[in-house]
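Using only what follows, build the 3D model:
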Amino acid sequence: MMKKWSLMLAALLVFTAGCSGYKESTSDIVDEIVDTAADAIAVGDYQTAIDELSDAADLDATDPDVVALQVDAYSARAGATTEALAAALDTGDGTPAVTVANVMTQVNYSDADEFAVRSLDTSKALDLAVSAAAGGDVTTLDTETKVKASTLAATSTAQSVTKALDGESPTNLSDAEIATKVSANYAAIAGDLNKAANIAVTLRADLLSSLVANPAAALAVKAAVSTDIVDIDAYLAQYGLDDGNVSEAELIALLQSLN
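Numbers count the residues shown, from 1 in each chain. Purely as a prediction, here's the structure:
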């Protein structure tokens, strides 16, 4: 009996040691891939980074370094970084401005194929960024990730709105044309729009803090005829968007206010 127990114990120790060695080996491989991907991102080779990180995720999809770099790679390829958004919204006076022109430039609808890639990459990056949120609560994310998530959510929201208008600017459409386009496209974009809008509204303070040095609860909303500085919370409440959900009627009313 003692001999059998000794053999079983020895086998268990060998098995445990083997498993431990395997984990260390996998970790080393992931670390090497992460380094390669980080170098690729640094030189703008986002496709290589994405391919490398896909291999790393196959080994350990929950590794925080892998997830963080996937967010960075997809964000960069989509042009949905905080730096890109800040540049698109820059008015030259330090105040970010939401205008029809610069939002359309940010999402780049002019090239349909590129827009499709950017939209998909933005969605992937957003899902990855919020994947670590405890219980799905994005406010539990660390500060850096909240800034990235809010940027991605704002960009994704703009992409959905652009799809709702078939790439047209609301300033070039009548109220009736806006209503017709949104009604025709709302069902197709509602899921992505509301997912992103909810995150963008929840993390709006983090987004503002990333865009201006001394953020306040104000944002310049510059449409065709308006250059008013408005309280962002009041602006969202005015159009019923403060709950992070955008109904068809609310989207139509918001877009009609910009034409």
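
Show me the domain layout of the chain.
Domain assignment of the chain by automatic domain parsing yields the ranges 22-78, 79-259.

quick check: mean pLDDT across the shortest one?
It stands for domain 22-78. For domain 22-78, mean pLDDT is 91.

Give me the below-cutoff pLDDT ranges for the protein.
Within the chain, the segments meeting pLDDT under 70 span 1-24, 88-110, 211-232.

can you give me the helices in it?
2-42, 46-59, 64-78, 82-89, 100-107, 112-129, 143-164, 175-202, 204-211, 232-238, 248-256 (DSSP state H).

would JSON lines of these with mean neighbour count and distance to Gly136 be doable?
To be clear about C-beta, it is placed using only N, CA and C from the backbone, and glycine gets the same treatment. Output for the helices of the chain, formatted as JSON lines (neighbours: other C-beta atoms under 10 Å; distance: least, C-beta to C-beta, whole Å):
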{"stretch": "helix 2-42", "mean neighbour count": "12", "distance to Gly136": "26"}
{"stretch": "helix 46-59", "mean neighbour count": "18", "distance to Gly136": "20"}
{"stretch": "helix 64-78", "mean neighbour count": "22", "distance to Gly136": "16"}
{"stretch": "helix 82-89", "mean neighbour count": "18", "distance to Gly136": "23"}
{"stretch": "helix 100-107", "mean neighbour count": "19", "distance to Gly136": "26"}
{"stretch": "helix 112-129", "mean neighbour count": "19", "distance to Gly136": "12"}
{"stretch": "helix 143-164", "mean neighbour count": "24", "distance to Gly136": "12"}
{"stretch": "helix 175-202", "mean neighbour count": "18", "distance to Gly136": "10"}
{"stretch": "helix 204-211", "mean neighbour count": "20", "distance to Gly136": "17"}
{"stretch": "helix 232-238", "mean neighbour count": "16", "distance to Gly136": "21"}
{"stretch": "helix 248-256", "mean neighbour count": "19", "distance to Gly136": "23"}
